[in-house]
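**Q** Kindly return the folded structure for what I paste below:
(chains A and B)
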Amino acid sequence: MAEFAVVEPGSVAEVLDLLARYGEEAKLVAGGTWVTLVLRQGLLWPSLLVSLRRVSELAGIAVDEAGNLRLGAMARLRSVETLPLVRERLPVVAETCRQVANVRVRHQATVGGNLCDADYASDPPALLAALGARVVAVSQRGRREIAARDFIVGHYQTVLEPDELVTEVVVPALPPEVGAVYLKYRTRSHEDRPCLGVAAVVVPDRDGRLARAEVVVGAVAERPQRLPEVLEGVAGRALDDATIAEIAERYAAGIEPLSDLRGSAWYRTEMIRVFVERALRVARQRARWEGGRS
Amino acid sequence: MIDAVERVTGRIRFSQDASLPGMLHAAAVRSVVPHGRIARIDTAAALEVPGVVAVVTGEDLRRLPGLRPVYGPQIEDQPVVALDCVRYVGDIVALVAAETLQAAQEAAALVAVECEELPAVFDPLEALEPSAPLLHELEPERPHEGTALYFGIRPQFGTNCCNLFRIRRGDVARGFAEADLVIEETFRTPAIQHVAMEPHAALALWEDGRLTVWSGTQTPFNTRQILAEIFGLPVERVRVIVPPMGGSYGCKVFPRIEPQAALLAYVTGRPVKFVLRRDEEFVTLTRHATVVTIRLGLTRDGRITAKEVRAYWNTGAYADCGPDVARKGGFGIVGPYRIPHVAVDSRCVYTNLPPAGAFRGYAVTQAAWASESMMDIAADALGLDPLEFRLRNLLRDGETFATGETLHDVHFAECLERAAAAIGWEGPWRHELGDGRVRAKGLAVVLKGMTTPSRSEAKVGIDRSGRVTVYSSTVELGQGARTVLAQLAAEALGVPYQEIRVVDPDTARTPFDNRTTSSRSTYMMGNAVRQAALALRERLLRIAAERLEVEQADLELMDGSVRVAGAPASALKFGELVEASRQEALVEHGEFRNQGGLDPDTGQGIASSHWHQGAGAVEVEVDTRTGKVTILHAHASVYAGQVVNRHTAELQNLGNIVFGLGSALFEELVYEQGQLVNPNLSDYLIPSFLDLPERMTHDLVERPGAEIHGLGETALPTIPAAVGNAVARAIGARVTELPLTPERVLRAIRARGGERG
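**A** Numbers count the residues shown, from 1 in each chain, chains lettered A, B, ... in the order given. Have a look, this model is predicted:
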């Protein structure tokens, strides 16, 4: 393992100061579940580890006046999973966090850490992208909000600059008529990372047609996959089985998956078709869609 | 368990907790190429790391006088440190000893190794091609036989086959001619790893030309013998002490890191501790990957006329106990059936992969995967109920196995019928739930031999305080051996077993035992302990009879004392009896042996002095759109003879089911050009609690007056085969390769022309 110093700043201001001074030499540690792995494998050689565990202002979970769910970057996945506030307001967020790894990891892993690892084989990023969440990043240069769907750009790569710190993730309130789901599919142990995960959000209009559909497929490529041309093409249509099958077919055809130990590219393509369909059916059911089936 | 409190309070001292003042830490430099000739090793930079005391290479090893640089339990093919060649990715090229573990590891990373790469081979069938690179040059004149070899070994000289075990019984050509139907299929299993919670750990100390090693090993006496040979010492000058282990499952059978720790201690003159990292565990020992082809001759009325088997056991770069795995698998693969004509060729084959060796289930998991899958294929081909087909052919008491031995105390049919009943076999074997979900049931039955011949000795003593001590070299690896041995001694002596002390194996203090393997300890060592305890009982009765001036027959043992039956006032405490005998302690010795052996060219003889017998049954649900298999109910029925400790026996059955489902569904070591792709527990998954079947049930089949039958492994091999049979029934197609990943199952469904989208 590399030789490094560890510091434990107590405030966001101190963290930003360290990041401004050390840049890429410093590595932030939130829950440490990912950093520990890559340090052990010798994939990371920082000279400074900046622990965020004493930065208490990052740990909050709250709903703001506009009804947005604000998840502090240091909120543990286990807290998101169990907090009644989250379960009432956005049950799909709690549900998704409950699917991650195992309970021991979830007690440690954090919302911000999970996004910043940008590991392709992960659950929350696809859901946050589908929900239209925004990632708040700050530096001494200022503050910006990044759409969750644009945040991860490649294998272990995000749009963050070396001096930026993610402070929170803002998940917008969903209209009451929404149906949202995240389906995780594991091919090995229950504690495995996803072979793929599908987040689906559907909103009906007054006539029972599709006002809006979001489908994001995680863990099949270097970043969560969303096909805007497919989603735009189905707006205004009835959410019947034919539409669902068409979306599933076009996602299967439109994504070029990778191969790993959890499934080959061929298998993933097959599973994208199956799970996009299944996710949309569950979402439709959750939206208590009237007259959708045909 | 007698050590339960120590375990849950963290006070138990495991192998990796061993330490000595002034000890150094070891790290290994490992090959990054699968096969190569070592051109140059530069240790200069490593030696400059502060705290580094020594860096030892093969050249150093060769220069040390009086040392034998190559060892191996059955074939002496493994250098302590690579001499000229490296033979797999992970082979030890150099060893470092340093004041701290960090310094040792840092220095190891700085050792520069230059290799001329040689052609490498990874598949056992390719390794037997005439053009394949040879890993070792075994020669008839130089048989390289290891001291732990207890059977005739038949290397095929000039090839990569390091043992060919054969069974020839009857005449298979005639058997096939008599058949109405002949079927053939090939089955495969991958390499997997044991993933014991505690890694390999050893600490070596040299004092006045004597070597002491504390090591987590299932084989203290084999390890002592091999260390003595490496260092040219009489065995009395090597001492192996075995603290309790945090699991092993076969990965700590035979020396694996002890020679390396001892070499560094020898060179530095300091105690040296060597503990493997998890990624090193993955390249240190695996379960044999296999390719097995079976041909079966059948009559229309459901009899088996002939069975021909070609089995290939991929033993990796060093034989370890692979030759014996091929042998035990060679007869295990015949299955517990009455077959008049049998021919088996079972080959143990070198390849450029990490060594394979003992693994819980010892060859029978791979054997049963092939032979029990084949039994279902046969039943389907004949249009018979797989249970009925098996029952027609299962061996019964007094019948003859393919090795020519007569079997006694036979319970295969009973185990199988119980397992079948437990999952409701009479109901439909398959039904569709709609939405592409199908449920189906499957069965398997296995026989497993126990090491034959072998020997266990024990001593049981009582000191002046009345304390009973059991001296046994059976190692505690979490299976509860200490508890069971204490119970058996307690029964004979009339004391609560919780008060008995069981000494950790120590070759200088505890008597000889073959090894803690093969589910043999409760039976073999149990009998030795019982014998010693009964002799001690006799002696106590004799002394008490003299003191009390009564007949021995009028005495009884109760609560640590001897008394006239029904007269508590007459009680003489054990301690008083010891004192009366004017000894510090009274100690008695017990010994138990089993006898037999097989002719390696015909496989005829006694394979096992008694047989481990078990059956498994499962119900699965298959999602035919994804290929995902869920085990709803798994049941194991195992013949126990007589149960000694019900709780630990039950845990063995349940543990075997869990182990089996990992093998069945997802465990697999994946190599790319000999490089292991998943050497960590994030990429290599073992079952978690959430993977357990909704229902796990089991039973222990007992018979009054029967011998104890070990059951640490019996249920495991039944599970993958039963799951495979259930999945085949569900999808109407056969997956012939483990594990049954969703992708393999879906491909089988598609190949059959089923389910799409």
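**Q** any idea how far the closest residue to residue B:595 other than its chain neighbours is from chain A?
**A** Setting aside the residues directly before and after it, residue B:595 is nearest to residue B:453 in space (C-beta to C-beta, 6 or more residues apart in numbering or on different chains), at 5.1 Å. Backbone N, C-alpha and C define where each C-beta goes, glycine included. From residue B:453 across to chain A, the span is 41 Å (C-beta to the nearest C-beta, to the nearest Å).
**Q** what does residue B:316 give?
**A** Residue B:316 is 21 Å from chain A, by C-beta to the nearest C-beta.
**Q** Ramachandran angles for that residue?
**A** The phi and psi torsions at residue B:316 (degrees, to the nearest 10) take the values phi 80, psi -160.
**Q** just residue B:637 next, same as before
**A** Backbone torsions for residue B:637, taken as degrees, to the nearest 10, come to phi -120, psi 120.
**Q** ok, which stretches of the stretch 151-294 of chain A are strands?
**A** Chain-ordered strands for the stretch 151-294 of chain A, with DSSP state E, counting those that start in this stretch as the definition, fall at A:152-154, A:157-158, A:165-171, A:179-185, A:196-204, A:210-218, A:225-226.
**Q** Quick check: pLDDT value at the residue nearest to residue B:595.
**A** pLDDT recorded at residue B:453 is 96.
**Q** got it, and residue B:43?
**A** Value for residue B:43, per-residue pLDDT: 98.
**Q** Spatially nearest residue to the residue of the stretch 451-600 of chain B found nearest chain A, not counting backbone neighbours?
**A** Residue of the stretch 451-600 of chain B nearest chain A, by C-beta to the nearest C-beta: residue B:478 (21.1 Å). Using C-beta to C-beta, 6+ apart and skipping the chain neighbours, the partner closest in space to residue B:478 is residue B:247 (5.3 Å).
**Q** List the contacts of that neighbour.
**A** Contact analysis of residue B:247 by C-beta atoms under 8 Å, 6 or more residues apart in numbering or on different chains lists B:194, B:196-198, B:477-478.
**Q** one more time with 6 Å, if that's ok
**A** Residue B:247 sits next to B:196-198, B:478 when contact means C-beta atoms under 6 Å, 6 or more residues apart in numbering or on different chains.
**Q** Would you mind listing what in the stretch 51-200 of chain A touches chain B?
**A** Counting by C-beta under 6 Å from any C-beta of the partner chain, the stretch 51-200 of chain A comes close to chain B at A:187-192.
**Q** List buried residues within the residues you listed.
**A** For these, a burial check counting by 16 or more other C-beta atoms under 10 Å in any protein chain shown picks out A:187-189, A:191-192.
**Q** Find the residue at the geometric middle of chain A.
**A** With distances taken as C-alpha atoms, centre = their mean, residue A:125 lies nearest the centre of chain A, 1.6 Å away.
**Q** check whether the helix or strand of chain A with the lowest mean pLDDT contacts chain B.
**A** In chain A, no helix or strand scores lower on mean pLDDT, DSSP states H and E than helix A:33-40, which sits at a mean of 91. No: using C-beta under 6 Å from any C-beta, helix A:33-40 stays clear of chain B, with a minimum separation of 6.6 Å.
**Q** Past that helix, which element shows up next along the chain?
**A** strand A:48-51 (DSSP states H and E).
**Q** Name every strand pairing with that next one and say which way it goes.
**A** With DSSP bridges as the criterion, the sheet partners recorded for strand A:48-51 are strand A:5-7 (parallel), strand A:26-29 (parallel).
**Q** Can you pull the residues of chain B lying near chain A?
**A** Contact residues, chain B versus chain A (C-beta under 6 Å from any C-beta): B:625-626, B:666, B:683, B:685, B:688, B:690-691, B:742-743, B:757.
**Q** can you map out the strands along the stretch 301-450 of chain B?
**A** Assigned strands in the stretch 301-450 of chain B, in chain order: B:304-316, B:341-350, B:356-357, B:430-434, B:437-449 (criterion: DSSP E, counting those that start in this stretch).
**Q** Under the pLDDT cut-off, which ranges of the chain? List them.
**A** Assuming you mean chain A. A:1-2, A:290-294 (pLDDT under 70).
**Q** not quite, I wanted chain B
**A** Where chain B drops to pLDDT under 70, the residues are B:754-757.
**Q** so which helix or strand takes in the residue lying closest to residue B:180 once chain neighbours are set aside?
**A** Nearest residue to residue B:180, sequence neighbours excluded (C-beta to C-beta, 6+ apart): residue B:300, at 4.7 Å. Residue B:300 is part of no helix or strand when elements are defined by DSSP H and E.
**Q** Residue B:300 reaches residue B:178, doesn't it?
**A** No: contact status for residue B:300 versus residue B:178: not in contact, 11.8 Å apart, counting by C-beta atoms under 6 Å.
**Q** Neighbour count for these two, which is higher?
**A** Between residue B:300 and residue B:178, counted using other C-beta atoms under 10 Å in any protein chain shown, residue B:178 has the larger neighbour count: 14 against 11.
**Q** Which parts of the stretch 551-700 of chain B are strands?
**A** With DSSP E, counting those that start in this stretch as the criterion, the stretch 551-700 of chain B has strands spanning B:555-558, B:561-564, B:567-573, B:585-594, B:597-598, B:605-606, B:611-623, B:628-641, B:671-672, B:675-676, B:695-702.
**Q** Weed out the non-buried ones from the contacts of residue B:247.
**A** B:196, B:198, B:478.
**Q** gap between the last one and residue B:262?
**A** Distance of residue B:478 to residue B:262, computed by C-beta to C-beta, to the nearest Å: 26 Å.
**Q** Share the number of residues neighbouring residue A:124, please.
**A** For residue A:124, the neighbour count with other C-beta under 10 Å is 27.
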